[in-house]
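Engineer: Got a predicted structure plus its sequence, pasted below:
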Amino acid sequence: MKFKINDSVAVLDDDLSGTITKIEGSEITVATTNGFELVFEAHELVKINQDKLMDRSLFSNASLESVLSDKESKKRQNPPRVSTKERAQPAMEVDLHINQLVRSSRGMQNHEMLNLQLETAKRRLEFAIQKRIQRIVFIHGVGEGVLKIELQYLFKRYENLKYYDANYQKYGQGATEVYIFQSKPS
């Protein structure tokens, strides 16, 4: 790959990116986003397509409070309680760990991985509703809790379901169970 000065690049085997400042043969000096100048071999770098990077100015006008209030504006009604017998039925499991959804997450940015996980969860939830599956467990892992919070916002948009932490002995803290209230077929 041919590199030029001022190209945006990412390091293949490290979580570093930056801009090329100097090229001497196969050695390329990169000014990282953290302010360091590091030297790499050309085969250790990959060019970043600037068109695909998300424009940070998209979110500069929206405050955190307005984004949260938008997400919470569609309140759901409290459905009837779920009996223990109904909860004992086998549940459909959906593992949302990124390594279960794609062969390699190399080159994917965090927001791309999160969007893929949320789209997968929405598709599986719609499938369960359509096929009249009452229980579905989303395995999201513990991590920083971003995916869990986003899943809760997704679930709040549906009136016919209830969600809660899944069985701790089976899944630990890294799973959320959804119970879908099915109306009787007419």
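Structural biologist: Sure, I can see it. Numbering: from 1, shown residues only.

Engineer: Run a quick neighbour tally on residue 91.
Structural biologist: By other C-beta atoms under 10 Å, 21 other residues sit near residue 91. Heads up, the C-betas are built off the backbone N, CA and C, glycines and all.

Engineer: Name all residues that make contact with it.
Structural biologist: Applying C-beta atoms under 8 Å, 6 or more residues apart in numbering to residue 91 gives the contacts 135-137, 177.

Engineer: can you pick the most crowded of those?
Structural biologist: Going by other C-beta under 10 Å, residue 136 tops the contacts of residue 91 with 23 neighbours.

Engineer: can you confirm it is in a helix?
Structural biologist: No - counting by DSSP: H, G, I helix; E, B strand; the rest coil, residue 136 is not found in a helix; it is strand.

Engineer: ok, it touching residue 94?
Structural biologist: Yes - using C-beta atoms under 8 Å, residue 136 makes contact with residue 94 at a distance of 6.4 Å.

Engineer: what residues are shared contacts of the two?
Structural biologist: residue 124.

Engineer: Closest one of the contacts of residue 91 to residue 118?
Structural biologist: Nearest to residue 118 among the contacts of residue 91: residue 136, at 14.7 Å, using C-beta to C-beta.

Engineer: how much space between that closest one and residue 27?
Structural biologist: For residue 136, the distance to residue 27 (C-beta to C-beta, to the nearest Å) stands at 52 Å.

Engineer: One more: residue 97?
Structural biologist: 37 Å.

Engineer: Would you mind telling me which of these two has the busier surroundings?
Structural biologist: residue 97 (14 against 11).

Engineer: Now the more buried one: phi and psi?
Structural biologist: phi -60, psi 140 (degrees, to the nearest 10).

Engineer: list the contacts for the residue lying closest to it once chain neighbours are set aside?
Structural biologist: Distances taken as C-beta to C-beta, 6 or more residues apart in numbering place residue 141 nearest to residue 97, at 5.9 Å, with adjacent residues excluded. Going by C-beta under 8 Å, 6+ apart, residue 141 touches 96-97, 147, 174.
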